[in-house]
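*Asks:* this one's sequence-less:
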């Protein structure tokens, strides 16, 4: 509270700042509640994979709900792209998912709407914007979930993890290995455009689950309407000019708190590097000079031929998140946090990919590694504050297909022998890839790959948090750039043709130390219908690092059991599962912190 009083701007004291922070944030929270309650997909309704925020007339974020870090740090770039591309009128809604226009990856769909307040009340009209971003379980592309891995198991065969000496990212030629991915293989790509009925229909038609897509889009629109209503009520009560001034004051206050946090870091240059499992290195050079921070990724590796590329918006989000951790818990999270921070990410590197590079895994995996390297650099400057590495992966699981007719033999859980290679029954269906974003009519598959019986699912799976200077890491928790909830077993089994066989803490997987890392989880699913499955994970070869003498966390491991045979899977792979297959995902533990004291 002392810090809040000292740094409060002249526009109001600490109490007023706190009140307005909650007033704006509550509008965003209510938008989120509306979206969750109205959504159709388990990914949004149960896992809460969405984010909501409020912006001023120039597209600067004023307030956010406590949702997904990787969404909200990048959403301002999408909002400004929408403002620049479309002249919005009251009642309009703009849709976009283009990662090269402030997006993250194609399944994250952003809706933006203007909110005009103040006219007719003796004051000039003031414009705000409300926006939300939600992860749609399938938006087309060459694999259910719209995040193809690029390494595909051959028909009827189980893909095995390659030797540790071979880089998956290098795209080794041979059976089961494919060429470089492009974003067009990941699904429908929408630059900023008005959301009309025609656009909504085309977007839904690209998906394997069109009805679910329409339902989730309707929920996003309802959330925008609710946010607009609440902003209008605030303006009617306090005046539109007051809202504008308080929004600016909150941004300035957040900037002052961030400057104070940076000033507490000893001046100097701090470097740190870490790699993804495929060998792509992310290197940061952090320069602290007074109340300014320069975060320079210039020495990071070039773009990947796979989908591990992060767009600039994702890199900015990751940096914002890492520095936000240095501020007091009650710091308003808005765009002011970035005012004293400069992010350098040269185009063409793995942290600032250019089109047409694939970027799906960059959003979910590379973002985690960016956080690891920024925190690793900060740990050199602030050894008493920064924890060891957490699991460092979202352990993404996607699967989908077509439900067999009730009572058919194929709908039974067979668990039988492998079909002969090349048999027609084992060949995966590959829908057309997403198209060019040049025009609204040229993107995505034009019909649902699975029709009304299609299913598609996406989830991230918890891991272990890193141990810190003062306490052990938490077990079985979503860390850093993901903040989603757990999908209840009952909801998963009700909505999809799978059975959850095991869901448990992976005991002993956290790194040792004075403050051990948290343990990961073990999740085993049995498929009750044929499905195309994609795994995108990391920290399967290179474990989460420990700090101050603490040990690394255990790497993750993914296996599949079929007809009594168990195979270790690559960490990034697309393959065909058969009824009866059992997929086990064991996620990494967090790194430990501090040396274990010997027993007396």
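*Replies:* That came in fine, so what should we check first? Given the structure is predicted, the values throughout are model-derived calculations rather than measurements. Numbering: from 1, shown residues only.
*Asks:* Double-check that residue 253 belongs to a helix.
*Replies:* Yes - remark: residue 253 belongs to a helix, assigned using DSSP: H, G, I helix; E, B strand; the rest coil.
*Asks:* and it, how many neighbours does it have?
*Replies:* Burial measure for residue 253: 25 neighbouring residues, criterion other CB atoms under 10 Å. From N, CA and C alone the C-beta is placed, and that goes for glycine too.
*Asks:* Give the helix, strand or coil label for residue 333.
*Replies:* Per three-state DSSP, residue 333 ends up coil.
*Asks:* now for stretch 456-475, what's the gap between its first and last residues?
*Replies:* 28 Å (CA to CA, to the nearest Å).
*Asks:* likewise stretch 82-90?
*Replies:* Termini of stretch 82-90 sit 14 Å apart (CA to CA).
*Asks:* List the buried residues in that stretch.
*Replies:* Across stretch 82-90, burial judged by 16 or more other CB atoms under 10 Å covers 82, 83, 86, 88.
*Asks:* How far does it sit from its chain's centre?
*Replies:* Centroid separation for stretch 82-90 versus its chain: 26 Å, with CA atoms, centre = their mean, to the nearest Å.
*Asks:* and the longest helix for the chain?
*Replies:* helix 210-238 (DSSP state H).
*Asks:* Any buried residues in that helix, and which?
*Replies:* 210, 212-217, 219-228, 230-232, 234-235.
*Asks:* pretty sure residue 263 contacts residue 292?
*Replies:* No - look at residue 263 against residue 292 with CB atoms under 8 Å: they stay out of range, at 9.3 Å.
*Asks:* ok, residue 138 - how many residues close by?
*Replies:* Neighbours of residue 138 using other CB under 10 Å come to 32.
*Asks:* For it, which non-adjacent residue is spatially closest?
*Replies:* Leaving aside its sequence neighbours, residue 138 sits nearest to residue 456 (CB to CB, 6 or more residues apart in numbering; 3.6 Å).
*Asks:* in this protein, what spans have low per-residue confidence?
*Replies:* 1-13, 72, 119-123, 162-180, 405-452, 598-600 (pLDDT under 70).
*Asks:* in it, which spans are helices?
*Replies:* Under DSSP H, the chain gives helices at 2-7, 14-38, 42-45, 69-72, 75-85, 197-205, 210-238, 240-263, 312-324, 360-361, 367-381, 489-495.
*Asks:* So for residue 571, which of those helices sits nearest?
*Replies:* The closest of the helices of the chain to residue 571 is helix 360-361. By CB to CB, the value is 10.0 Å.
*Asks:* Off-centre distance for that closest one?
*Replies:* Distance, centroid of helix 360-361 to centroid of chain: 9 Å (CA atoms, centre = their mean).
*Asks:* Repeat that for stretch 129-140.
*Replies:* Distance, centroid of stretch 129-140 to centroid of chain: 11 Å (CA atoms, centre = their mean).
*Asks:* Compute the number of surrounding residues for residue 597.
*Replies:* So residue 597, with other CB under 10 Å, has 7 neighbours.
*Asks:* Disregarding residues adjacent in the polypeptide, which is nearest to it?
*Replies:* What sits nearest to residue 597 in space, not counting adjacent residues and going by CB to CB, 6+ apart, is residue 514, at 6.7 Å.
*Asks:* So that neighbour is in contact with residue 595, correct?
*Replies:* Yes - between residue 514 and residue 595 there is a contact at 6.2 Å, judged by CB under 8 Å.
*Asks:* Those two: which is more packed in?
*Replies:* residue 514 (17 against 14).
*Asks:* In contact with the more buried one: list those residues for me.
*Replies:* By CB atoms under 8 Å, 6 or more residues apart in numbering, the residues touching residue 514 are 467, 548, 549, 550, 592, 593, 594, 595, 596, 597.
*Asks:* Now restrict the residues you listed to buried residues only.
*Replies:* Here, 16+ other CB under 10 Å leaves 467, 548, 550, 592, 593, 594 buried among these.
*Asks:* Could you single out the nearest of the residues you listed to residue 364?
*Replies:* Scanning the buried ones among the contacts of residue 514 for proximity to residue 364, where the rule is CB to CB, the winner is residue 467, at 23.7 Å.
*Asks:* Roughly how far does the closest one sit from residue 588?
*Replies:* 14 Å (CB to CB, to the nearest Å).
*Asks:* and what of residue 238?
*Replies:* 48 Å.
*Asks:* which phi and psi does the closest residue to residue 385 other than its chain neighbours have?
*Replies:* Using CB to CB, 6+ apart and skipping residues adjacent in sequence, the residue nearest residue 385 is residue 469, 6.6 Å away. Torsion angles at residue 469 (phi, psi; degrees, to the nearest 10) stand at phi -60, psi -20.
*Asks:* Residue 469 and residue 593 touch, don't they?
*Replies:* Yes - the criterion here is CB under 8 Å, and residue 469 meets it with residue 593 at 6.1 Å.
*Asks:* got any residues that touch both of these two?
*Replies:* Contacts common to residue 469 and residue 593, judged by CB under 8 Å, 6+ apart, are 387, 515, 548.
*Asks:* possible to save those as CSV with distance to residue 94?
*Replies:* CSV is the format used below for the shared contacts of residue 469 and residue 593 (distance: CB to CB, whole Å):
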residue, distance to residue 94
387, 39
515, 47
548, 48
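*Asks:* For residue 555, state which of those is nearest.
*Replies:* Here the nearest of the shared contacts of residue 469 and residue 593 to residue 555, counting by CB to CB, is residue 387; it sits at 18.5 Å.
*Asks:* if I look at the closest one, how far off is residue 526?
*Replies:* For residue 387 relative to residue 526 (CB to CB), the value is 36 Å.
*Asks:* what do you get for residue 242?
*Replies:* Distance from residue 242 to residue 526, by CB to CB: 57 Å.
*Asks:* ok, now residue 388?
*Replies:* From residue 388 over to residue 526 (counting by CB to CB), the distance is 35 Å.
*Asks:* Of those two, give the one with the bigger neighbour count.
*Replies:* Neighbour count, other CB under 10 Å: between residue 388 and residue 526, residue 388 has more, with 34 against 19.
*Asks:* List the contacts of that one.
*Replies:* 466-468, 473, 511, 513, 517, 544-548, 550, 590-593.
*Asks:* cool, residue 43 as well?
*Replies:* Contacts of residue 43 by CB under 8 Å, 6+ apart are 49, 135, 136, 137, 457, 458, 459, 487.
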